[in-house]
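Enquirer: Test case, fold it:
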Amino acid sequence: MQLTWANRITIMRILLILPFIIFMLKANDPETGRIMRYFAVAIFLVMCVSDVLDGYVARVKQQVTRLGAFLDPLADKLLMLCACIILAGQTTSIENYRLPITVVVLIIGKDVFLALGFLTVYMMVSSEVHLKPVLSGKAATFLQLSMVLAILIAPEMETLVPGWWYLTRILWWTATAVAVATVIVYIRTGAMFIQQHE
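Expert: Numbers count the residues shown, from 1 in each chain. Next comes the predicted model:
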């Protein structure tokens, strides 16, 4: 299978997750922590831009493939999994902005639930996995990426924007609520799909 440019961009995004993790794990180092966090922010922004870019290239160049449809959400989920776990860790979180375990469990649980649902329901019904993004799913991804970025830049922003602490809390609970809503939407979609194929 020949890789399209869209697929290459997505693969690059997946490969960037490792250096992102490495920099994030050193973000609280007394000597180099701030620089490490800046590097992590830079990589995170590159991944966010590439997320938009690969979709744009796929549509404009008519390079929409099944591989891309699988890799693109996989990249988002891997990034969010790693970021949430690190930002919720006692020694790896950003000071005063530690992500609550409830948020982490619901966001990651959403992805695990949907993955198991697709693999179980769709493969049993039609022997295929249908990955059709819904609006709430795209909104959930956008909010989760915004949540991570807001936390990463919080030490600087809290001195520039009054109430940044409250804004991040609103953002991460909104992201969580939309993630739960997305699960409900996919459950309804899965139920309708089963009824159509009975």
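Enquirer: for the helix or strand hosting W165, which positions count as buried?
Expert: Taking DSSP states H and E as the criterion, W165 maps to helix 164-196. Within helix 164-196, the residues scored as buried using 16 or more other C-beta atoms under 10 Å are 164, 168, 171-172, 174-176, 178-179, 181-183, 186, 190, 193. (Each C-beta comes from the backbone N, C-alpha and C, glycine too.)
Enquirer: Repeat that for stretch 7-19.
Expert: Buried, per 16+ other C-beta under 10 Å, within stretch 7-19: N7, I9, T10, I11, R13, I14, L16, I17.
Enquirer: CA-only coordinates of it in CSV, if you can.
Expert: The C-alpha trace of stretch 7-19 is given here as CSV (Å, rounded to 0.1, in the frame of the first residue of the first chain):
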residue,chain,number,x,y,z
ASN,A,7,-0.9,9.4,5.9
ARG,A,8,2.8,10.5,6.2
ILE,A,9,1.7,13.6,8.1
THR,A,10,-0.4,11.5,10.4
ILE,A,11,2.5,9.0,11.0
MET,A,12,4.8,11.9,11.8
ARG,A,13,2.2,13.1,14.4
ILE,A,14,2.3,9.7,16.0
LEU,A,15,6.1,9.6,16.1
LEU,A,16,6.1,13.0,17.8
ILE,A,17,4.2,11.6,20.7
LEU,A,18,7.4,10.0,22.1
PRO,A,19,9.5,13.3,22.3
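Enquirer: for it, the distance to its chain's centre please.
Expert: Put simply, stretch 7-19 sits 13 Å off its chain's centre (C-alpha atoms, centre = their mean, to the nearest Å).
Enquirer: go on, stretch 181-196?
Expert: 21 Å.
Enquirer: ok, now stretch 65-80?
Expert: Using C-alpha atoms, centre = their mean, the offset of stretch 65-80 from its chain centre is 10 Å.
Enquirer: Give the rounded mean pLDDT of it.
Expert: Average pLDDT, stretch 65-80: 86.
Enquirer: Run through the protein and note the low-pLDDT ranges.
Expert: 1-2, 118-133, 193-198 (pLDDT under 70).
Enquirer: repeat that with 90
Expert: For the chain, applying pLDDT under 90 flags the ranges 1-7, 30, 51-52, 54-74, 76, 109-138, 183-198.
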